[in-house]
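Asker: Here you go, sequence then predicted model.
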Amino acid sequence: MKYLTLASVASLALLAACNQGGDSAAQNTGEAVNATQDATSGVVGQTSAMTMGANTVDGFVTGLGTGNMYELEAAKVAEAKSTNADVKALAAMITKDHTDAGKKLETAAAAAGPNVVIPTALDERRKGMIDNLNAATPGDFDKVYLEQQVAAHNETLTLLNGFADNSEAPGLASLARELIAPVTMHRDRAKALLDAMN
């Protein structure tokens, strides 16, 4: 039902943008499509984190590893495109903390067994989110980045909280519990910056 609603919203946004005419209509259409893709991505991510990610070792490692890579890539884009000192500071904090988290994930995954594999490339959903960041206009970039950050960190928190009491992989469960505080801090900072813009 959520997918149908999001598709309806996307259709209405596209129709409204197309009716405006000219180059600004094309730009508005692209922005509406990108915003809808990001919103849909958030719903898909939450569902995935609640199901596979929170309940299986492979799902958790894949979700956390891919999410971590997305965070690092998005922070690079933000550091290059944003002109807002607070957004750049958030991106720098995310780069530091997620680099550390990636190293800890490598150690915990190795201890969980030889068949536990950390992904080495972004999935299509997160590639689309990075594409949307790169496509954002200078005036919209910070808002797009912060909205993505709130959604992505909420997804990661769902994943971490769901896996925190896993008994099959105690080292990964311990890592999940350890990462809850910094991920919450990132989400709350992104939300505060976004709220200040609205």
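Answerer: Yes, it's here. Keep in mind that this is a model prediction, so the values were computed, not measured. Residues are numbered from 1 along each chain as shown.
Asker: Can you list the low-confidence ranges for this structure?
Answerer: Within the chain, the stretches with pLDDT under 70 are 1-54.
Asker: For it, just list every one of the helices.
Answerer: Assigned by DSSP state H, the helices in the chain fall at 2-18, 22-48, 54-55, 57-81, 85-112, 124-135, 141-163, 170-197.
Asker: Relative to Ile118, which of these is closest?
Answerer: Closest to Ile118 of the helices of the chain, according to Cβ to Cβ: helix 57-81, at 4.2 Å. C-betas here are computed from N, CA, C, even on glycine.
Asker: by contact count, what packs against the closest one?
Answerer: Under the contact criterion of 3 or more Cβ pairs under 8 Å, 6 or more residues apart in numbering; DSSP states H and E, helix 57-81 touches helix 85-112, helix 124-135, helix 141-163, helix 170-197.
Asker: ok and it relative to helix 85-112, angle-wise?
Answerer: 150 degrees (axes from the mean of the first three to the mean of the last three Cα atoms, to 10 degrees).
Asker: Please point out which parts of helix 57-81 sit buried.
Answerer: The neighbour-count check on helix 57-81 (16 or more other Cβ atoms under 10 Å) flags 57, 59-75, 77-79, 81 as buried.
Asker: Please list all residues in contact with Leu133.
Answerer: With contact set as Cβ atoms under 8 Å, 6 or more residues apart in numbering, Leu133 has these partners: Ala74, Val77, Ala78, Lys81, Phe141, Val144, Tyr145, Gln148.
Asker: Roughly how far does it sit from Ser82?
Answerer: Distance from Leu133 to Ser82, counting by Cβ to Cβ, to the nearest Å: 10 Å.
Asker: Find the residues that touch each one of those two.
Answerer: In contact with both Leu133 and Ser82: Phe141, Tyr145, using Cβ under 8 Å, 6+ apart.
Asker: Distance of the residue nearest to the spatial centre of the chain relative to Glu168?
Answerer: Among the residues of the chain, the one closest to the centroid is Ala152, at 2.8 Å (Cα atoms, centre = their mean). Separation of Ala152 from Glu168 (Cβ to Cβ): 26 Å.
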